[in-house]
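S.K.: Quick check, what structure comes out for this input:
(one chain, ligands or ions: 1)
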Amino acid sequence: MGSLYVVATPIGNLGDLTLRATETLSNVDVIACEDTRRTGNLLRHIGAKEFRYIVVNEHTEYDATKQIVDALNNGDDVALVSDAGTPGISDPGSLLVQAAIEAGHQVVPIPGASASVSALSVSGMDSRRFFFEGFLPRDGKERTDRLAFLKSVPVTTVVYEAPHRIAKTMNDLQENLGGERRVVLARELTKIHEEIWRGSIRDAVEHFSNAEPIGEYVILIESAPPRPAVTEDLIETALKNALVDGRSVKDAANDVADMFQLPKRDLYERALRLRGQR
Ligand code: SAM
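M.R.: Residues are numbered from 1 along each chain as shown. A predicted model of the protein is given here:
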C-alpha cells in the first residue's frame, strides 16, 4: 500500500521549501500537481529526478483522483503539491485526500507555507480564532450572501483575492461591512515586493482604487464589533421606532427581527400588540 504525502510548497520564496518536502519530493514514485511546468521548475531547483506526473486541477480532479488511488493501490508513494502553498487550501486536494483515506491509505502532511497563516501571523490582529473564507464568489447572489455573512463574523476573517479584483472587493466590503473596520492587506508575501498594508476599509478603498494591481493578496478583516445585549426594552424601542410613519406591522417586525436576529413571527406578534391590533 502506498502513502499519500500532502506537501506544502513555497508561496514565492523558494527558500521556504522545507527539508522534509525536499526529501519527500525526491523519493516518491508519482507527483500529483496542478501544473507540470511549474512543479517541474521546483523539482529541478532541488535537483530531483524525473517523475511520473498526474495532473490534478479543477478540470481533472475527479479522473485524476481515480488514477492516483490506483497508483496508491499498486504500492506507489504519491506526493500531492499545488502551484503554491498548502494543497487543499483554496487549491485542489481535498477530494483526493478523502478518496485515499477511504481506500485505506496513510495520508501524511508535510507542512510548510500557506498564504493565509503567513498573513495572519504578521497582521497584528487577534489570531486566537479566525475564520477562513478563501475566495469570495465572483458575483451575483452568492457573493452578496457571503458578504452579508462576513458582516457578523465575530473573529478575524481571511479572504484570498487576485490583483485585478482587489479594488472591487474593497468597495464591496465597504458597502456591506461599513468603512470603519480595520483591515490588513498582505501582498506578494515572501517575494521581493512584499507589502503589508494596514488601515480601515475606507482608507483601503481610497488607497487601492489608485494602486497598480500587482501581486496576489490576502485580506484580513477585523472581527465584527460585539453586538449590544438585546434587552426587552431595546426590542420594544426598536419596534416603536420601526412602526412610525404608518409602516406596516409586517415590515416593522421584519426589520427588527433582522436587526437582532430574532424570529420574525415573535416580532410580528409584539408589533401587532403595540399597534393595538391585538
Ligand atoms: N494553497 C495556497 C495557500 O496555501 O495559501 C493558496 C492558493 S490560492 C489558489 C492563491 C491565493 O492565495 C492568491 O490569490 C492569494 O490570495 C493567496 N496567495 C498565494 N500566494 C501569495 C503571496 N505570496 N502573497 C499573498 N497572497 C498569496
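S.K.: Show the contacting residues for the residue of the chain found nearest the ligand.
M.R.: In the chain, the residue that lies nearest the ligand is residue 85 (2.5 Å; C-beta to the nearest ligand atom). (C-beta placed from N, C-alpha, C; glycine too.) Neighbouring residues of residue 85 by C-beta atoms under 8 Å, 6 or more residues apart in numbering: 8, 9, 10, 11, 91, 112, 113, 114, 115.
S.K.: Find the nearest non-adjacent residue to the third one, please.
M.R.: Put plainly, it is residue 10. In space, and not counting its chain neighbours, residue 10 is closest to residue 16: 4.1 Å by C-beta to C-beta, 6 or more residues apart in numbering.
S.K.: Which parts of the stretch 1-150 of the chain are strands?
M.R.: Ranges of strands in the stretch 1-150 of the chain, per DSSP state E, counting those that start in this stretch, are 3-7, 30-33, 52-55, 78-80, 106-110, 130-135.
S.K.: Just put the ones you listed in CSV and tack on distance to the ligand, mean neighbour count and mean pLDDT.
M.R.: As requested, those are exported to CSV (distance: least, C-beta to the nearest ligand atom, whole Å; neighbours: other C-beta atoms under 10 Å; pLDDT from 0 to 100):
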stretch, distance to the ligand, mean neighbour count, mean pLDDT
strand 3-7, 11, 24, 98
strand 30-33, 12, 26, 96
strand 52-55, 16, 16, 94
strand 78-80, 11, 26, 98
strand 106-110, 12, 15, 98
strand 130-135, 7, 16, 98
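S.K.: Next one: stretch 167-182, is it in contact with the ligand?
M.R.: No. Applying C-beta under 6 Å from any ligand atom, one finds stretch 167-182 separated from the ligand by no less than 10.5 Å.
S.K.: What separation do you get for residue 163 and residue 173?
M.R.: According to C-beta to C-beta, to the nearest Å, residue 163 stands 16 Å off from residue 173.
S.K.: The two - which one has more neighbours?
M.R.: Higher neighbour count among residue 163 and residue 173: residue 173, with 24 against 16, using other C-beta atoms under 10 Å.
S.K.: just to revisit the earlier point, for the residue nearest to residue 10, what are its contacts?
M.R.: 10, 112, 113, 190.
S.K.: same deal with residue 270?
M.R.: 235, 236, 239, 253.
S.K.: Only the buried residues of the helix or strand where it lies, if you could.
M.R.: Residue 270 belongs to helix 264-274 when assigned by DSSP states H and E. Within helix 264-274, the residues scored as buried using 16 or more other C-beta atoms under 10 Å are 267, 268, 270, 271, 274.
S.K.: how about the residues of the protein that lie near the ligand?
M.R.: Residues of the chain found near the ligand (C-beta under 6 Å from any ligand atom) are 11-12, 82, 84-86, 89-91, 114-116, 160-162, 186-191, 216-218.
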